[in-house]
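# This is a predicted model, with the sequence first.
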Amino acid sequence: MPVDIILWVLGAVVVGSALAMVISRNAIYAALFLVLNFATVALFYLVLGAPFISLVQVTVYAGSIMVLFLFVIMLLGAERLAGKEPLVGQRPLAIVLGLIFLGEMALVVFSRGWLFQGLAVGAAEIGSPAAVGRALFTQYALPFEVTGVILLVAAVGAILLTRGDAPPRPQPGNTPEK
């Protein structure tokens, strides 16, 4: 029973921080709400008995990815765009799609019951570091490599977007006169 209460409180924090992230007009605050969301999801994993996945969640998402997000936000000056809505009608469409998504979730949960009952068998093997490593480097090797290339291209693109126009370099043999 106490685990149920903890899961409900964590669920409320996850949903609240996700809503605050979406509603926030300041990009920095939205990124910080996302950090809170990632940390709370890591607590979910810890309570559910997957400490390795919990630590990966904190290290990869709340650590690395959020540092990257904050770096890009600061670099591109996205916090100055907080008052402007780039696409007219985007907010009402997002609300409608969010309500549809919540309705679908409720339909699945209440029509089939709780989907995850009976999955505790073999849970120790599923979340172990050996099983995750085996799956990552065998079954998911190609998506893992593609993700690395995409992240590299995104980092190079962010640097190129923020680079100012540099003055042309003098060519050899074409030096400016003094």
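Done, it's in. Residues are numbered from 1 along each chain as shown.
# Taking the centroid of the chain, which residue is nearest it?
By Cα atoms, centre = their mean, the mean C-alpha position of the chain lies nearest to Tyr61, the distance being 6.2 Å.
# ok, that one - contacts?
Going by Cβ atoms under 8 Å, 6 or more residues apart in numbering, Tyr61 touches Phe38. (Glycine included, C-beta is placed from N, CA and C.)
# Quick check: next helix or strand after the lowest-mean-pLDDT helix or strand in the chain?
When each helix and strand of the chain is scored by mean pLDDT, DSSP states H and E, helix 123-126 comes last, with a mean of 59. As assigned by DSSP states H and E, the chain's next helix or strand after helix 123-126 is helix 129-137.
# tell me the domain ranges of this structure?
For the chain, automatic domain parsing gives the domain ranges 1-82, 122-162.
# how about low-confidence regions in this structure?
Applying pLDDT under 70 to the chain picks out residues 1, 76-87, 105, 108-109, 111-127, 163-170, 173-178.
# That one: helices as residue ranges?
All helices of the chain, identified by DSSP state H, fall at 2-23, 27-47, 51-56, 66-76, 90-112, 123-126, 129-137, 141-162.
# Give me the contact list for the first one.
This means helix 2-23. Contact with helix 2-23 is made by Tyr29, Ala30, Phe33, Leu34, Leu36, Asn37, Thr40, Val41, Leu43, Phe44, Val47, Ala94, as judged by Cβ under 8 Å, 6+ apart.
# tilt between that helix and helix 90-112?
Between helix 2-23 and helix 90-112, the angle comes out at 160 degrees (axes from the mean of the first three to the mean of the last three Cα atoms, to 10 degrees).
# Now do the buried residues in helix 2-23.
Buried residues in helix 2-23, counting neighbours by 16 or more other Cβ atoms under 10 Å, are found at Leu10, Val13, Val14, Ser17, Ala18, Ala20, Met21.
# Name the member of those residues with the shortest distance to Val88.
Distance to Val88, by Cβ to Cβ, is smallest for Met21 among the buried residues of helix 2-23, at 21.9 Å.
# separation between the closest residue to the closest one other than its chain neighbours and Ala12?
If the residues on either side of it in the chain are set aside, Met21 comes closest to Phe33, at 3.8 Å by Cβ to Cβ, 6 or more residues apart in numbering. According to Cβ to Cβ, to the nearest Å, Phe33 stands 14 Å off from Ala12.
# Nothing else from me, thank you.
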